[in-house]
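Visitor: Fold the following for me, if possible:
(chains A and B)
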Amino acid sequence: MELANKVELGRSAGLAAGILVGLLFAFILMRYMNRDHKAKTEYDEMQKIIRNQGYMYGFYTMLTVECILALIPSFVRIPAAPIVIHFIPIFFGVTVHACYCIWKGAYVGLNTNLKRYLVVAVIASLINFLSFYMAWKNGGLMVDGVLQAPFVNLLVALMFAIIGIAGLLRKAADREGTEE
Amino acid sequence: MKNLRLKAARAGKDLSQDDLAKLTGVSRQTISAIEKGDYNPTINLCIAICKVLGRTLDELFWPEE
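Guide: Residues are numbered from 1 along each chain as shown, chains lettered A, B, ... in the order given. Next comes the predicted model:
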């Protein structure tokens, strides 16, 4: 096996291990963020309906972005590593789903401890932004004019920022709005 | 169509939307949506609300003539 292939294989294995550790960490965090310390977040009947609609919009967004990204290389080369290209539709889909649910009041579950959730979201956002920043400073963000994996960290930080802004806007609208 | 009877019954019991939500096991947003007429609750939730507010289904949810 060529050295380049071995390096690529090692990088992929590292990435897969990273994703698995991330999933395990997310599972533990879910238990921490829920008041009843269950990994499953509970939603009421209206929230479930809204979240289903959110998944639909998120899915169609992901599909649309994926199709656009699949077509672009026919015209121009996308200067990004495959992992970056694959994460862009996920970023759009998840952001659309989260923003829709926030706006309709179905993002925070019945058993979610909002303060803990906010702490975790801010820390996750900062870690991702720092990873991106360090890579950028060390010249690992672009290799031979191609965007590398640390760009995904920026996307994740950006997603948390957008979710945070959507939450603040919703809160402001709630304050002006209905109650009593 | 807004459900003003639900809003009045809740206010009559001196409950906030948040209080009623906690007593019926749903989110405050769901109670708000029901009062605004943006969401039609299931019969189970209607019954839970009626029990908390001490009213009948007819009084709170049957359409007015």
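Visitor: does the residue positioned nearest the centre of chain A belong to a helix or a strand, and which?
Guide: Nearest residue to the geometric centre of chain A (C-alpha atoms, centre = their mean): residue A:156, 4.8 Å. Assessed by DSSP states H and E, residue A:156 sits inside helix A:150-176.
Visitor: Please work out the average pLDDT along that helix.
Guide: Averaging pLDDT along helix A:150-176 yields 91.
Visitor: who does that helix touch, helix- and strand-wise?
Guide: helix A:82-103, helix A:114-137 (3 or more C-beta pairs under 8 Å, 6 or more residues apart in numbering or on different chains; DSSP states H and E). Quick note: C-beta positions are derived from backbone N, CA and C, even for glycine.
Visitor: residues in contact with stretch A:152-166?
Guide: A:83-84, A:87-88, A:91, A:94-95, A:98-99, A:102-103, A:121-122, A:124-126, A:128-129, A:131-132, A:135 (C-beta atoms under 8 Å, 6 or more residues apart in numbering or on different chains).
Visitor: Derive a ChimeraX selection command for the buried subset of those residues.
Guide: To isolate the buried ones among the contacts of stretch A:152-166 in ChimeraX, judged by 16 or more other C-beta atoms under 10 Å in any protein chain shown, type:
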select /A:84,87,88,91,94,95,98,99,102,103,121,124,125,128,129,131,132,135
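Visitor: quick one on the thing from earlier: and the angle from the helix holding residue A:156 to helix A:114-137?
Guide: 150 degrees (axes from the mean of the first three to the mean of the last three C-alpha atoms, to 10 degrees).
Visitor: Tell me the gap between helix A:150-176 and the middle of its chain.
Guide: Between the centre of helix A:150-176 and the centre of its host chain there is 11 Å, according to C-alpha atoms, centre = their mean, to the nearest Å.
Visitor: before we move on, back to that, how about the helices and strands packed on helix A:150-176, which one is nearest residue B:22?
Guide: helix A:114-137 (14.5 Å; C-beta to C-beta).
Visitor: hey, what's residue A:143 bridged with?
Guide: Going by DSSP bridges, residue A:143 is paired in beta bridges with residue A:146.
Visitor: burial of it, as a residue count?
Guide: When neighbours are defined as other C-beta atoms under 10 Å in any protein chain shown, residue A:143 has 10 of them.
Visitor: Can you check which helix is longest in the chain?
Guide: Answering for chain A, as no chain was given. helix A:3-33 (DSSP state H).
Visitor: sorry, should have said chain B
Guide: Per DSSP H, chain B has its longest helix at helix B:43-53.
Visitor: ok, residue A:6 to residue A:52 distance?
Guide: 45 Å (C-beta to C-beta, to the nearest Å).
Visitor: At which residues are the helices of chain B located?
Guide: Going by DSSP H, chain B shows helices at B:4-12, B:17-24, B:28-36, B:43-53, B:57-61.
Visitor: how about the ones you listed, which one is nearest chain A?
Guide: Among the helices of chain B, helix B:28-36 comes nearest to chain A, with 2.9 Å by C-beta to the nearest C-beta.
Visitor: What parts of chain B come near chain A?
Guide: B:11, B:16-17, B:25-30, B:32-33, B:35-36, B:39, B:41-42, B:44-45 (C-beta under 8 Å from any C-beta of the partner chain).
Visitor: I'd like to know which of those residues are buried.
Guide: B:17, B:26-30, B:32-33, B:35, B:39, B:41, B:45.
Visitor: which among these gets closest to residue A:10?
Guide: Among those, and counting by C-beta to C-beta, the member closest to residue A:10 is residue B:27, at 46.7 Å.
Visitor: Quick check: the gap between residue A:43 and residue A:88.
Guide: 28 Å.
Visitor: Measure how far stretch A:101-119 is from the centre of its chain, please.
Guide: 16 Å.
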